[in-house]
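okay, predicted coordinates and the sequence, questions at the end:
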Amino acid sequence: MFTIRGATTINEDMKDEILNSVEELLSKIIEANNIDKEKIISIIFSATKDIKSVYPAEGARKMGITNASLMCLQEMEVENSLERCIRVMLLVNGDKNQTEVKNIYLRDSIILRPDILEGK
């Protein structure tokens, strides 16, 4: 088993924008890591307190991830932290080494992992 991390941000707390952003993020993670959706064991979503319109997990279900366990949590509130942010952690059944994993950070969320940007 291995894990993949990622995050994205939204401009407004609107259902369609949240679902589209989650689908974009998960699609990029799946593509970059060559993952079979059926090998996803679970996905943990966290969202900042300013995201209230829809559970991010609905975006995963909408794109056909129906056998994995999904859980949504509220992100810990930290002063001056990134707003309107959705983070994910996928647990995937497979033998990929963690050093081979491509974590994906979109839009403003790249500030969460400057080390990834520096590696490009």
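Yep, it's here.

looking at this structure, which helix or strand does the model trust least?
Taking mean pLDDT, DSSP states H and E as the measure, the helix or strand of the chain with the lowest value is helix 114-118, at a mean of 64.

for the protein, which segments count as strands?
Ranges of strands in the chain, per DSSP state E, are 2-9, 40-47, 69-74, 85-92, 104-105.

between the ones you listed, which one is nearest to Val22?
Of all the strands of the chain, it is strand 85-92 that lies closest to Val22, at 6.3 Å by C-beta to C-beta. Glycine gets a C-beta too; all of them are placed from N, C-alpha and C.

now the closest one, how far from the centre of its chain.
Its chain's C-alpha centre and that of strand 85-92 lie 4 Å apart, by C-alpha atoms, centre = their mean, to the nearest Å.

export it to CSV, keeping only CA atoms.
Coordinates of each C-alpha in strand 85-92 appear next as CSV, following Å, rounded to 0.1, in the frame of the first residue of the first chain:
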residue,chain,number,x,y,z
CYS,A,85,-8.5,24.8,0.4
ILE,A,86,-9.3,21.1,-0.1
ARG,A,87,-6.6,18.6,0.7
VAL,A,88,-6.7,14.8,-0.1
MET,A,89,-4.8,11.7,0.9
LEU,A,90,-5.4,8.6,-1.1
LEU,A,91,-4.5,5.2,0.2
VAL,A,92,-3.8,2.9,-2.8
